[in-house]
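[1] Build the 3D model from these lines:
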Amino acid sequence: MNDQNIGPYDIRTATPQHLDGARSVMLDTFYQVFGYGYQPQWHADVIDLAGTYLRPARNALFVAVKGDEVVATTAVRAAAPNSPPHPRWLVDRYPAASTAQLFRVYVRPEHRRNGLARALVRRAVAFAAGQPGYQAVYLHTDTGVPGAEAFWRSVADVVHDPRDGSPHASRVVHFEIPMPALTTASR
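    Coordinates of the predicted model:
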């Protein structure tokens with residue numbers, strides 16, 4: 001898929017030249033938006049972006065750039081949800097061999113409301129649709145991040161919302177973008 005322009009922004013597949021900027025967006029999000037900083041058990045991919053997203057054939061990292069600055073990221077990885085902390089049935093429903101999991105959908109606050117997350121997700125979904133073996137796109141989001149839940153509800157289907165009073169209540173909501181939607185989205 002070719003690069004796409006959205007106003008002054010370019011949406012593209014990341015190359016080694018984008019990795020430092022992408023890592024900066026991600027780390028700033030962990031510290032400034034999430035408020036808990038880098039957690040190696042959750043964020044190890046950020047240290048080795050090339051090894052995680054650029055080298056494996058079914059994985060990818062996409063960036064939005066303005067000039068030379070990376071201002072937003074989205075990644076795709078062949079990965080099942082982790083259990084724990086997520087319910088085991090999610091791992092069974094979304095095995096790594098057939099699941100494209102979206103990661104690191106982050107936009108610097110000063111660049112939000114420009115359609116960057118939506119364009120990056122479309123790009124990631126089109127990539128997943130073109131890869132052999134993927135049957136679904138899965139993701140989860142922290143509903144404590146302003147705007148995250150509303151955004152995902154506008155582009156994906158809720159699979160599990162643990163805020164329903166279950167014994168393992170969490171503010172993490174799980175979503176799926178079904179493969180038929182991928183076929184439509186990639187055209």
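
[2] for the lengthiest helix in the chain, packing partners?
    With secondary structure taken from DSSP state H, the chain has its longest helix at helix 116-129. Applying 3 or more Cβ pairs under 8 Å, 6 or more residues apart in numbering; DSSP states H and E, one finds that helix 116-129 contacts strand 4-6, strand 9-13, strand 60-66, strand 69-78, strand 99-107, strand 136-142, helix 148-155, helix 179-185. Where you see a C-beta, it was placed from the backbone N, CA and C, and this is true even at glycine.

[3] Mind listing what's buried along stretch 49-63?
    By 16 or more other Cβ atoms under 10 Å, the buried positions in stretch 49-63 come out as 49, 52-54, 58-63.

[4] can you name the two of those that are farthest apart?
    Within those, 58 and 63 form the most distant pair, 18.5 Å apart (Cβ to Cβ).

[5] sorry, back to before: I'd like to check the angle between the longest helix of the chain and helix 148-155, please.
    Here helix 116-129 runs at an angle of 50 degrees relative to helix 148-155 (axes from the mean of the first three to the mean of the last three Cα atoms, to 10 degrees).

[6] now helix 116-129 and strand 69-78, what's the angle there?
    30 degrees.

[7] lowest-confidence helix or strand of the chain?
    Within the chain, no helix or strand scores below helix 179-185, which has a mean of 50 by mean pLDDT, DSSP states H and E.

[8] I'd like the buried residues of stretch 49-63 laid out as a markdown table, including distance to residue 29 and pLDDT.
    Compiled in a markdown table, the buried residues of stretch 49-63 are given as follows (distance: Cβ to Cβ, whole Å; pLDDT from 0 to 100):
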| residue | distance to residue 29 | pLDDT |
| --- | --- | --- |
| 49 | 14 | 98 |
| 52 | 17 | 97 |
| 53 | 16 | 97 |
| 54 | 20 | 97 |
| 58 | 24 | 95 |
| 59 | 20 | 97 |
| 60 | 19 | 98 |
| 61 | 14 | 98 |
| 62 | 15 | 98 |
| 63 | 14 | 98 |
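
[9] Would you mind giving these as JSON lines with distance to residue 21 added?
    Shown next, in JSON lines, are these (distance: Cβ to Cβ, whole Å):
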{"residue": "49", "distance to residue 21": "10"}
{"residue": "52", "distance to residue 21": "16"}
{"residue": "53", "distance to residue 21": "14"}
{"residue": "54", "distance to residue 21": "14"}
{"residue": "58", "distance to residue 21": "24"}
{"residue": "59", "distance to residue 21": "19"}
{"residue": "60", "distance to residue 21": "16"}
{"residue": "61", "distance to residue 21": "11"}
{"residue": "62", "distance to residue 21": "13"}
{"residue": "63", "distance to residue 21": "7"}
